[in-house]
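In: Okay, predicted coordinates and the sequence, questions at the end:
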Amino acid sequence: MHELSVCLSLLRQLQGIAAEHHAARITRIELGLGPLSGVEAGLLRNAWPIASAGTLAVDAELVIEETGIIVRCRSCEAETAASANRLICGRCGDFQTTLVSGDEMILQRVEFETA
């Protein structure tokens, strides 16, 4: 399962942050997840307990905010919302767009208890 390896990678990052701040326990993790990120939120939630077992984040709450897709039009330069299968400008309808957001997985916030 791809999401398990994503969780393990996230945990490596979290352990580094926890060590930096002398954290005894991670209590909450907030992620921003775009629909084009290649990661399924439901599968990530299911993989989290397996990946976090035996770590500082074992009982941490995993909060996933699913973000939207934003494109910038090359013709009219507008930034508008789009859907995964229709990356067109919401203002002029042009198909020549650049993805601004929607393909990211961002660690937005980490809450922890210090020793």
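Out: Received the coordinates, thanks.
In: residue ranges for the strands of the protein, please.
Out: Listed in chain order, the strands of the chain (DSSP state E) span 23-33, 61-66, 69-73, 79-82, 97-101, 105-114.
In: Kindly present the ones you listed as TSV, with separate columns for distance to R45 and mean pLDDT.
Out: For every residue, glycine as well, the C-beta is placed using N, CA and C. As requested, the strands of the chain are arranged in TSV below (distance: least, C-beta to C-beta, whole Å; pLDDT from 0 to 100):
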stretch	distance to R45	mean pLDDT
strand 23-33	10	98
strand 61-66	6	97
strand 69-73	21	98
strand 79-82	25	98
strand 97-101	22	98
strand 105-114	13	97
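In: In JSON lines: those strands, plus mean neighbour count and distance to Q13.
Out: Output for these, formatted as JSON lines (neighbours: other C-beta atoms under 10 Å; distance: least, C-beta to C-beta, whole Å):
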{"stretch": "strand 23-33", "mean neighbour count": "18", "distance to Q13": "10"}
{"stretch": "strand 61-66", "mean neighbour count": "14", "distance to Q13": "14"}
{"stretch": "strand 69-73", "mean neighbour count": "19", "distance to Q13": "25"}
{"stretch": "strand 79-82", "mean neighbour count": "16", "distance to Q13": "29"}
{"stretch": "strand 97-101", "mean neighbour count": "15", "distance to Q13": "20"}
{"stretch": "strand 105-114", "mean neighbour count": "14", "distance to Q13": "7"}
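In: So for T55, which of these sits nearest?
Out: strand 23-33 (8.0 Å; C-beta to C-beta).
In: and the longest helix for the chain?
Out: helix 2-20 (DSSP state H).
In: one step back: I'd like to know which of the strands of the chain lies nearest to C7.
Out: Among the strands of the chain, strand 61-66 sits nearest to C7 (C-beta to C-beta), with 8.8 Å.
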